[in-house]
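> sequence first, then the predicted structure:
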Amino acid sequence: MAEFRRALAIWLALALAGLAVFALSLALGSVSLDATQLWAALSGGERAGDAGLAGAIVRELRLPRAIAAFACGGLLALSGALMQVLLRNPLAEPYVLGVSGGAATGALLAMLMTLPLWSVQAGAAGGALCSMVLVATLARRDLLHPQVQGGHHEAGARLLLTGVILAAGWGALITLILAVAPESRLRGMLFWLTGDLGGTASYGGALGTLILALVVVMPIARSLNVMLLGETVAQALGVRVGRVRLITFLVASFSIAAAITTAGSIGFVGLVVPHLVRLAWGNDQRFLLPAAVLLGGTLLMAADLVARTVIAPAQLPVGVITALLGVPTFLYLLLRRPR
């Protein structure tokens, strides 16, 4: 009971921090709004003379972008935590299975053909789905019956190797697309490859995927805890290892696909956030997964706020900000880790 109260306090603190960053994301930008203007914009009030402009800025630009940033950050952090359990590798991160490469290839092909925005998102989703099917097909025995293939460690290594090889193939295709693309389209492609929330108008897909992923994965959180002890121990304790591994792979893959389709490729959130949560509050997946979602969403909202305000009215790719934050943070975590 005391453990649950502690977890509840942590979740509440992270939620309050997220709400504070969310409010700042709505208020700050190239046009800053005070509390009165922000409330009038959200409530649709028309008392102020510029309420119409403030309402358009908040409801049509900043609100969808902030919610999308939170949803994508939560999805990346959740998928990173799940991948680290699935592969039993603390360096595993959301893009390790090549799903991001497939999504990037589909999106860049749509950009190369100058298709509309919805086609770019459809291409990203299709590429991610194609990559997921390839990994699942090539490593189906490692996902469903790892015990037959020599144990969890070997099966995890083969699954990781499959993803790395696919990612290398997608990387070659991405380089080819960039090489043949006209200069007028390169900037948009590079922004997408480093993460860009600037054109986000819809957040329903990412937010719905995040809620669904939590609903699916939380009932197996206890089984994920047992799997950290080793596959043999998990099987001895009655865990259906193949089923849990397959669910974990699917949830992580769909989470990555939804995040990439919405915001492009954003690095380091899925790698660093689970480590921060684990370092601060332990490795119990029942508490770690929701905390990672809250912290990942808050972190990406904060990074997006910096990306669009530091040189306003111009904007930076949000992936650049997460990398600048993530690299020193991860190096610090490595250096302070006991031998």
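It's in.
> mind checking the pLDDT average for the helix or strand hosting I10?
For I10, the element it lies in under DSSP states H and E is helix 2-27. The pLDDT scores in helix 2-27 average 90.
> buried residues of it, list them for me.
Within helix 2-27, the residues scored as buried using 16 or more other CB atoms under 10 Å are A7, I10, L14, A17, G18, V21, F22, S25, L26, A27. Yep, even glycine has a C-beta here, placed from its N, CA and C like the rest.
> ok, now which ones touch the first one?
Neighbour list for A7: W281, R286, F287, A291 [criterion: CB atoms under 8 Å, 6 or more residues apart in numbering].
> among the residues you listed, name the buried ones.
Neighbour counting by 16+ other CB under 10 Å classes F287, A291 among the contacts of A7 as buried.
> can you report how many residues lie near R88?
Using other CB atoms under 10 Å, R88 has 16 neighbouring residues.
> wait, it touches E231, no?
No: the pair R88 / E231 is not scored as a contact, 9.1 Å apart, by CB atoms under 8 Å.
> measure the most centrally placed residue in the chain to L276 for me?
Most central in the chain under CA atoms, centre = their mean is L76, positioned 1.8 Å from the mean C-alpha point. Distance, L76 to L276, using CB to CB, to the nearest Å: 13 Å.
> mind naming the longest helix for the chain?
Taking DSSP state H as the criterion, the chain has its longest helix at helix 152-180.
> list the buried residues for that one?
By neighbour count with 16+ other CB under 10 Å, helix 152-180 contains the buried residues 152, 155-160, 162-163, 166-167, 169-170, 173-174, 177.
> which parts of the stretch 1-150 of the chain are strands?
Counting by DSSP state E, counting those that start in this stretch, the stretch 1-150 of the chain has no strands to list.
> show me the helices in it, by range?
Secondary structure of the stretch 1-150 of the chain (DSSP state H, counting those that start in this stretch): helices located at 2-27, 35-43, 51-55, 63-87, 99-112, 117-138, 140-144.
> okay, angle between the helix holding I10 and helix 35-43 too, please.
Our comparison of helix 2-27 with helix 35-43, counting by axes from the mean of the first three to the mean of the last three CA atoms, to 10 degrees, yields an angle of 100 degrees.
> and the angle for helix 2-27 with helix 63-87?
140 degrees.
> excluding its backbone neighbours, what's nearest G80?
Spatial nearest neighbour of G80, excluding adjacent residues (CB to CB, 6 or more residues apart in numbering): G270 at 2.8 Å.
> now F70
G297 (3.6 Å).
> I'd say that neighbour and A77 touch.
Yes: using CB under 8 Å, G297 makes contact with A77 at a distance of 7.5 Å.
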